[in-house]
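Peer 1: Just a sequence and a predicted model for now, questions to come.
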Amino acid sequence: MSQVKFINRNNLRIARENMGLSSLSASKKISSSKQDLVSEWEQGKSLPTWSQIAKLAKAYNIPDLILFSKEEIKKDKSIPDYRVGKHKNDDEKVKKLINLVIGRQKWLEQKLKNQNRPKNHLQGSGRSIQNPAELAKFIAQKLEINIQDIKETEGSYAHKEVLNYLIEKTEKNGVFVGKTVAYHKLEVNDMRGLFISNDYCPFIVLNRKDAVSAQIFSFVHELSHLFRKSDSISNSLDFRTTNNTLNSEEVFCNQVAAELLLPVGEFQKEFYDKSDISALSDLYKVSEICVFYRLADLGKIRTQQQRQIEETILAETAENIKRKAAKDKEREGGNYYNLMKDSNGGLFNRVVADAYFENRIGYVEASNLLRFSVEMI
């Protein structure tokens, strides 16, 4: 296939850097040759073919025409990576998700500005609060979250109902909430939660593969980042100050989540055991490991029992995540629309659909944004 006659070398470089790839890694995605072709193109030593451009654009998660545009791509802002035990080969998958969110934010910001919408009033509003319990109280008041509502939610779908309860209260305040889907290929250890700030359309993303009880805790954790306006990629549920592998910002946000979902005044017994932890997990709709960390931090689990209880819970958690993955895989076949609708989040679906039905955008643009036919909403 013939070579292109022109390429925007700066866009070629920035698109690669936005994906967190080296030129050699990018070259390996489009050719079996050991030659660093991308570096040669970025330096102007040679030009790619149309076929190579198509493969590269797919790898960079961008339209191929951007590589020919004279208008330069903006370099993505850096999102602090607070993941514990992360692997380098996970970076590309997370970068693709970040690029998707930032792309949506650019579109949303323009539309919201055109409608003279105000900036989001929650983002950064708790930045001056340095005590986790006080920030938890502030968040609960602003979003009208009542721990009694959570405790009284019962039934087979109680955990899912509580997560939806928290998300709905958050989206009512102009915060966009989404979830990963299978094609993101992100495991729980890769990422549990993500927060990306924006003055008009802050975004929270949860990993759908995680247990719903863990998603609840991760969601409140990301709310803490929202109220502090601190962008983050997270994968830890641990908030013990004794864990020196965690960034202090992550510990703080996990402590806020613990204070909001597991208030200290709720625990009156001197010591709790494994059966107590299971019962409390069901009552407060958070995972057993979160309850364990909370009680251990409060000194309410006997020291000699802590290691055994933690290992048991972690093993059970891993098994539960495996079972959930198997169930999710069974459901994937005929539910593409429902999965994408849930993945996009209710607020994003509504904003795009409203723009379409009010004739502010066309069918193709709306359906591309939603990743399903807008007429299905």
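Peer 2: Nice, thanks for sending it over.
Peer 1: Surely Val251 is within a helix?
Peer 2: Yes: counting by DSSP: H, G, I helix; E, B strand; the rest coil, Val251 is found in a helix.
Peer 1: got a list of what Lys169 touches?
Peer 2: Residues counted as contacts of Lys169 (CB atoms under 8 Å, 6 or more residues apart in numbering) are Leu143, Glu144, Ile145. For glycine as for every other residue, the C-beta is placed from the backbone atoms N, C-alpha and C.
Peer 1: are any of the residues you listed buried, and which?
Peer 2: Buried subset of the contacts of Lys169 (neighbour count, 16 or more other CB atoms under 10 Å): Leu143, Ile145.
Peer 1: Please tabulate the contacts of Lys169 in JSON lines and include pLDDT and secondary structure as additional columns.
Peer 2: Below are the contacts of Lys169 laid out as JSON lines (pLDDT from 0 to 100; DSSP: H, G, I helix; E, B strand; the rest coil):
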{"residue": "Leu143", "pLDDT": "98", "secondary structure": "helix"}
{"residue": "Glu144", "pLDDT": "98", "secondary structure": "coil"}
{"residue": "Ile145", "pLDDT": "98", "secondary structure": "coil"}
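Peer 1: could the contacts of Lys169 be laid out in CSV, adding distance to Glu316?
Peer 2: Formatted as CSV, these follow (distance: CB to CB, whole Å):
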residue, distance to Glu316
Leu143, 31
Glu144, 33
Ile145, 28
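Peer 1: Just the closest of the contacts of Lys169 to Lys160, please.
Peer 2: Set against Lys160, the nearest of the contacts of Lys169 by CB to CB is Ile145 (16.6 Å).
Peer 1: where's the closest residue to Arg16 other than its chain neighbours, which helix or strand?
Peer 2: Take Arg16 and drop its neighbours on the chain: the residue closest to it by CB to CB, 6 or more residues apart in numbering is Ala26, 5.2 Å away. Element membership for Ala26, per DSSP states H and E: helix 23-30.
Peer 1: Quick one: mean pLDDT over that helix.
Peer 2: Across helix 23-30, pLDDT averages out at 85.
Peer 1: what's the answer for stretch 200-214, then?
Peer 2: Per-residue scores along stretch 200-214 average to 94.
Peer 1: Output it as PDB - backbone C-alpha positions only.
Peer 2: The C-alpha coordinates for stretch 200-214 follow below in PDB (Å, rounded to 0.1, in the frame of the first residue of the first chain):
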ATOM      1  CA  TYR A 200     -18.000  21.400  34.400                       C
ATOM      2  CA  CYS A 201     -18.100  17.600  34.200                       C
ATOM      3  CA  PRO A 202     -16.100  15.700  36.800                       C
ATOM      4  CA  PHE A 203     -16.000  12.000  36.200                       C
ATOM      5  CA  ILE A 204     -15.900   8.900  38.400                       C
ATOM      6  CA  VAL A 205     -15.400   5.400  36.900                       C
ATOM      7  CA  LEU A 206     -15.800   2.100  38.800                       C
ATOM      8  CA  ASN A 207     -14.500  -1.300  37.800                       C
ATOM      9  CA  ARG A 208     -17.600  -3.400  37.100                       C
ATOM     10  CA  LYS A 209     -15.600  -6.600  37.700                       C
ATOM     11  CA  ASP A 210     -15.300  -5.700  41.400                       C
ATOM     12  CA  ALA A 211     -17.700  -7.100  44.000                       C
ATOM     13  CA  VAL A 212     -20.600  -4.600  44.400                       C
ATOM     14  CA  SER A 213     -19.900  -4.200  48.100                       C
ATOM     15  CA  ALA A 214     -16.300  -3.200  47.200                       C
END
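Peer 1: And the contacts of whatever helix or strand Val177 lives in?
Peer 2: Assessed by DSSP H and E, Val177 sits inside strand 176-179. Applying CB under 8 Å, 6+ apart, the contact partners of strand 176-179 are 101, 104, 108, 167, 170-171, 201-208, 219, 342-348.
Peer 1: Keep only those of the residues you listed that are in strands.
Peer 2: Among these, the residues falling in strands (DSSP state E) are Phe203, Ile204, Val205, Leu206.
Peer 1: Enumerate every residue touching the first one.
Peer 2: Contacts for Phe203 (CB under 8 Å, 6+ apart) come out as Val101, Arg104, Gln105, Val175, Phe176, Val177, Gly178, Leu194, Phe195, Ile196.
Peer 1: Grab the two from those that are most spread out in space.
Peer 2: Checked with CB to CB, these reach their widest spread between Arg104 and Phe195, with 14.1 Å between them.
Peer 1: Comparing those two, which residue is more hemmed in?
Peer 2: Neighbours per residue, other CB atoms under 10 Å: of Arg104 and Phe195, the larger number sits with Phe195, 27 against 22.
Peer 1: How about the secondary structure of that one?
Peer 2: strand.
Peer 1: Setting aside sequence neighbours, what's the nearest residue to it?
Peer 2: His225 (4.1 Å).
Peer 1: Report whether the expected contact of the one you found with Cys253 is present.
Peer 2: Yes: the pair His225 / Cys253 is scored as a contact, 5.7 Å apart, by CB atoms under 8 Å.
Peer 1: so what sits against both of the two?
Peer 2: Here His225 and Cys253 have Ser232 as joint contacts, going by CB under 8 Å, 6+ apart.
Peer 1: The two: which is more packed in?
Peer 2: Each of His225 and Cys253 had its neighbours counted (other CB under 10 Å), and the higher figure belongs to Cys253 (31 against 27).
Peer 1: The more buried one contacts Phe227, correct?
Peer 2: No: taking CB under 8 Å as the definition, Cys253 is not a contact partner of Phe227, at 9.4 Å.
Peer 1: what ranges do the helices span in the stretch 51-200 of the chain?
Peer 2: Shown for the stretch 51-200 of the chain, the helices assigned by DSSP state H, counting those that start in this stretch span residues 91-114, 132-143, 147-152, 158-171.
Peer 1: and those as TSV, adding distance to Ser373?
Peer 2: Below are the helices of the stretch 51-200 of the chain laid out as TSV (distance: least, CB to CB, whole Å):
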stretch	distance to Ser373
helix 91-114	18
helix 132-143	33
helix 147-152	36
helix 158-171	23
